[in-house]
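have a look; sequence and predicted model below, questions after that.
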Amino acid sequence: MSGEDDRNERERPKLRQRVGQGLSFMNKIAVVILVLGCLAVLFKHR
């Protein structure tokens, strides 16, 4: 049981890095979509 935990602890940082990169990429896309959405709403109201 403890051996399994040790292996998981060693592999987790790599996973976290990969997930972090994916999240930052997704965040950039989300921000772009939000900005475009806000601009579209503003232009529609004019």
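Noted; the coordinates are in hand. Just so we're clear, the structure is a prediction, and the values are computed from it rather than from any experiment. Numbers count the residues shown, from 1 in each chain.

can you list the low-confidence ranges for the chain?
The chain contains residues with pLDDT under 70 at 1-3, 8.

need the residue closest to the centroid of it.
When CA atoms, centre = their mean is applied to the chain, the residue found nearest the centroid is residue 23 (1.4 Å).

helix or strand for that one, which one?
Using DSSP states H and E, residue 23 sits in helix 2-45.

from residue 36, how far out is the residue lying farthest from the centre of the chain?
Most distant from the centre of the chain: residue 46, at 33.6 Å, with distances by CA atoms, centre = their mean. Here residue 46 is placed at a distance of 16 Å from residue 36 (CB to CB, to the nearest Å). C-betas here are computed from N, CA, C, even on glycine.

residue 38 - how many residues pack around it?
10 (other CB atoms under 10 Å).

likewise for the one 3 residues further on?
In terms of burial, residue 41 registers 9 neighbours under the definition other CB under 10 Å.

residue 31 now?
10.

renumber starting at 336 from here on
In the new count, where the first residue is 336, that last one comes out as residue 366.

any idea how far the residue nearest to the centre of the chain lies from residue 379?
Applying CB to CB, the value for residue 358 to residue 379 is 31 Å.

cool, residue 354 as well?
Distance from residue 354 to residue 379, counting by CB to CB: 36 Å.
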